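Colleague: any chance you can model this:
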Amino acid sequence: MKKESIGKLRWGGRILLGLYLACLIYFMFFSESYGRTDVHREYQYNLVLFREIRRFIQYRHILGTTAVLINVAGNVAVFIPFGAALPALFERIHSFGQVLILSFATSLAAETMQLVLKVGCFDVDDLLLNTVGGCLGYVTYRIFCHYVQRHRK
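Modeller: Numbering: from 1, shown residues only. Got it, this is the predicted structure:
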(Lines give C-alpha, C1' and ligand atoms only; values in the text may rest on other atoms or scores of the structure.)
Protein backbone atom coordinates (compact mmCIF):
# COMPACT_ATOMS: atom_id res chain seq x y z
CA MET A 1 0.00 0.00 0.00
CA LYS A 2 1.30 3.46 -0.85
CA LYS A 3 2.45 5.79 1.90
CA GLU A 4 -0.12 8.37 0.80
CA SER A 5 -2.95 5.83 1.13
CA ILE A 6 -1.73 4.78 4.57
CA GLY A 7 -1.67 8.44 5.64
CA LYS A 8 -5.26 8.95 4.46
CA LEU A 9 -6.38 5.79 6.25
CA ARG A 10 -4.70 6.95 9.45
CA TRP A 11 -6.42 10.34 9.27
CA GLY A 12 -9.76 8.67 8.66
CA GLY A 13 -9.10 6.39 11.60
CA ARG A 14 -8.19 9.36 13.78
CA ILE A 15 -11.51 10.98 12.90
CA LEU A 16 -13.29 7.76 13.89
CA LEU A 17 -11.26 7.69 17.11
CA GLY A 18 -12.41 11.26 17.81
CA LEU A 19 -16.04 10.24 17.26
CA TYR A 20 -15.54 7.24 19.53
CA LEU A 21 -14.10 9.48 22.26
CA ALA A 22 -16.98 11.95 21.83
CA CYS A 23 -19.46 9.10 22.35
CA LEU A 24 -17.49 7.94 25.37
CA ILE A 25 -17.60 11.43 26.85
CA TYR A 26 -21.35 11.63 26.21
CA PHE A 27 -22.08 8.36 28.00
CA MET A 28 -19.75 9.17 30.89
CA PHE A 29 -21.00 12.70 31.55
CA PHE A 30 -24.30 13.49 29.83
CA SER A 31 -26.33 10.32 29.23
CA GLU A 32 -29.69 10.40 31.01
CA SER A 33 -30.03 6.61 30.70
CA TYR A 34 -26.98 6.17 32.96
CA GLY A 35 -28.08 8.83 35.44
CA ARG A 36 -25.38 11.27 34.38
CA THR A 37 -27.62 14.33 34.45
CA ASP A 38 -28.15 13.98 38.20
CA VAL A 39 -25.45 16.12 39.77
CA HIS A 40 -24.72 14.99 43.33
CA ARG A 41 -24.03 17.41 46.09
CA GLU A 42 -21.39 15.13 47.58
CA TYR A 43 -18.36 13.56 46.02
CA GLN A 44 -18.84 9.88 45.21
CA TYR A 45 -15.83 7.65 45.03
CA ASN A 46 -14.53 4.15 45.63
CA LEU A 47 -10.84 3.79 46.44
CA VAL A 48 -10.96 0.10 47.45
CA LEU A 49 -9.93 -2.18 44.60
CA PHE A 50 -12.53 -4.85 43.70
CA ARG A 51 -15.18 -3.43 46.08
CA GLU A 52 -17.67 -2.49 43.36
CA ILE A 53 -16.91 -5.52 41.20
CA ARG A 54 -17.52 -7.78 44.20
CA ARG A 55 -20.71 -5.89 45.11
CA PHE A 56 -22.10 -6.18 41.58
CA ILE A 57 -21.37 -9.91 41.44
CA GLN A 58 -22.65 -10.55 44.97
CA TYR A 59 -25.96 -8.75 44.35
CA ARG A 60 -26.39 -9.78 40.69
CA HIS A 61 -29.73 -11.44 41.48
CA ILE A 62 -31.06 -8.10 42.80
CA LEU A 63 -29.33 -5.74 40.35
CA GLY A 64 -29.90 -7.95 37.33
CA THR A 65 -27.54 -9.44 34.79
CA THR A 66 -27.69 -6.35 32.59
CA ALA A 67 -26.40 -4.08 35.36
CA VAL A 68 -23.55 -6.49 36.12
CA LEU A 69 -22.60 -6.78 32.44
CA ILE A 70 -22.73 -3.02 31.91
CA ASN A 71 -20.57 -2.34 34.96
CA VAL A 72 -18.01 -5.13 34.67
CA ALA A 73 -17.85 -6.29 31.05
CA GLY A 74 -18.92 -2.89 29.71
CA ASN A 75 -15.99 -1.09 31.37
CA VAL A 76 -13.62 -3.56 29.73
CA ALA A 77 -15.35 -3.55 26.33
CA VAL A 78 -15.57 0.23 26.06
CA PHE A 79 -11.76 0.58 26.08
CA ILE A 80 -10.96 -2.25 23.65
CA PRO A 81 -11.33 0.04 20.58
CA PHE A 82 -9.09 2.61 22.27
CA GLY A 83 -6.31 0.08 22.86
CA ALA A 84 -6.54 -1.21 19.29
CA ALA A 85 -6.70 2.24 17.71
CA LEU A 86 -3.61 3.70 19.38
CA PRO A 87 -0.96 1.56 17.67
CA ALA A 88 -2.95 1.44 14.44
CA LEU A 89 -3.25 5.21 14.12
CA PHE A 90 -0.12 6.61 15.74
CA GLU A 91 3.32 5.41 14.64
CA ARG A 92 4.99 6.44 17.89
CA ILE A 93 2.68 4.24 19.96
CA HIS A 94 3.80 0.69 19.32
CA SER A 95 4.39 -1.08 22.63
CA PHE A 96 2.16 -2.78 25.15
CA GLY A 97 3.54 -0.52 27.90
CA GLN A 98 2.63 2.65 26.01
CA VAL A 99 -0.94 1.45 25.46
CA LEU A 100 -1.18 0.37 29.10
CA ILE A 101 -0.06 3.80 30.32
CA LEU A 102 -2.27 5.72 27.88
CA SER A 103 -5.31 3.56 28.70
CA PHE A 104 -4.74 4.09 32.41
CA ALA A 105 -4.12 7.83 32.00
CA THR A 106 -7.21 8.33 29.83
CA SER A 107 -9.37 6.38 32.27
CA LEU A 108 -7.87 8.28 35.22
CA ALA A 109 -8.66 11.60 33.51
CA ALA A 110 -12.27 10.53 32.87
CA GLU A 111 -12.77 9.19 36.40
CA THR A 112 -11.24 12.36 37.89
CA MET A 113 -13.56 14.53 35.80
CA GLN A 114 -16.53 12.50 37.08
CA LEU A 115 -15.37 13.19 40.63
CA VAL A 116 -14.71 16.90 40.08
CA LEU A 117 -17.97 17.46 38.21
CA LYS A 118 -19.86 15.25 40.70
CA VAL A 119 -21.32 13.23 37.83
CA GLY A 120 -21.07 9.51 38.33
CA CYS A 121 -18.50 8.06 40.68
CA PHE A 122 -14.70 7.93 40.75
CA ASP A 123 -14.04 4.21 40.95
CA VAL A 124 -10.68 2.45 41.04
CA ASP A 125 -12.43 -0.67 39.75
CA ASP A 126 -13.38 1.25 36.60
CA LEU A 127 -9.74 2.33 36.25
CA LEU A 128 -8.64 -1.29 36.39
CA LEU A 129 -11.36 -2.55 34.02
CA ASN A 130 -10.80 0.25 31.48
CA THR A 131 -7.04 -0.37 31.51
CA VAL A 132 -7.60 -4.11 31.00
CA GLY A 133 -9.88 -3.24 28.07
CA GLY A 134 -7.21 -1.04 26.49
CA CYS A 135 -4.64 -3.82 26.88
CA LEU A 136 -7.02 -6.37 25.35
CA GLY A 137 -7.51 -4.00 22.42
CA TYR A 138 -3.75 -3.81 21.93
CA VAL A 139 -3.40 -7.60 22.07
CA THR A 140 -6.28 -7.99 19.60
CA TYR A 141 -4.61 -5.51 17.24
CA ARG A 142 -1.29 -7.35 17.44
CA ILE A 143 -2.96 -10.72 16.77
CA PHE A 144 -4.75 -9.18 13.78
CA CYS A 145 -1.46 -7.76 12.44
CA HIS A 146 0.26 -11.11 12.86
CA TYR A 147 -2.60 -12.87 11.05
CA VAL A 148 -2.51 -10.38 8.16
CA GLN A 149 1.28 -10.62 7.78
CA ARG A 150 1.18 -14.40 7.88
CA HIS A 151 -1.50 -14.65 5.21
CA ARG A 152 0.13 -12.00 3.04
CA LYS A 153 3.09 -14.31 2.46
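Colleague: any idea of the pLDDT on the residue nearest to G134 when sequence neighbours are not counted?
Modeller: Nearest non-adjacent residue to G134, counting by Cβ to Cβ, 6 or more residues apart in numbering: S103, 2.6 Å away. In this view, the C-beta of every residue, glycine as well, is placed from N, C-alpha and C. pLDDT, S103: 98.
Colleague: show me what contacts S103?
Modeller: Counting by Cβ atoms under 8 Å, 6 or more residues apart in numbering, S103 touches 79, 82-83, 130-131, 133-135.
Colleague: which intervals of the chain have sub-threshold pLDDT?
Modeller: Judged by pLDDT under 70, the chain has its weakly predicted residues at 1, 33-40, 153.
Colleague: now the residue nearest to G134: which helix or strand?
Modeller: Secondary structure from DSSP states H and E places S103 in helix 96-117.
Colleague: for that helix, the distance to its chain's centre please.
Modeller: 9 Å (Cα atoms, centre = their mean, to the nearest Å).
Colleague: centroid-nearest residue for the protein?
Modeller: F79 (2.3 Å; Cα atoms, centre = their mean).
Colleague: contacting residues for it?
Modeller: Per Cβ under 8 Å, 6+ apart, neighbours of F79: 103, 106-107, 129-134, 136-137.
Colleague: same deal with L47?
Modeller: Contact analysis of L47 by Cβ under 8 Å, 6+ apart lists V124.
Colleague: sorry, back to before: for R14, state which of the contacts of S103 is nearest.
Modeller: F82 (12.6 Å; Cβ to Cβ).
Colleague: any idea which element that closest one lies in?
Modeller: Using DSSP H and E, F82 falls in helix 80-89.
Colleague: for that helix, packing partners?
Modeller: Counting contacts by 3 or more Cβ pairs under 8 Å, 6 or more residues apart in numbering; DSSP states H and E, helix 80-89 packs against helix 3-29, helix 96-117, helix 124-152.
Colleague: need the ones you listed in TSV (columns: distance to L49).
Modeller: Shown next, in TSV, are the helices and strands packed on helix 80-89 (distance: least, Cβ to Cβ, whole Å):
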stretch	distance to L49
helix 3-29	20
helix 96-117	13
helix 124-152	5
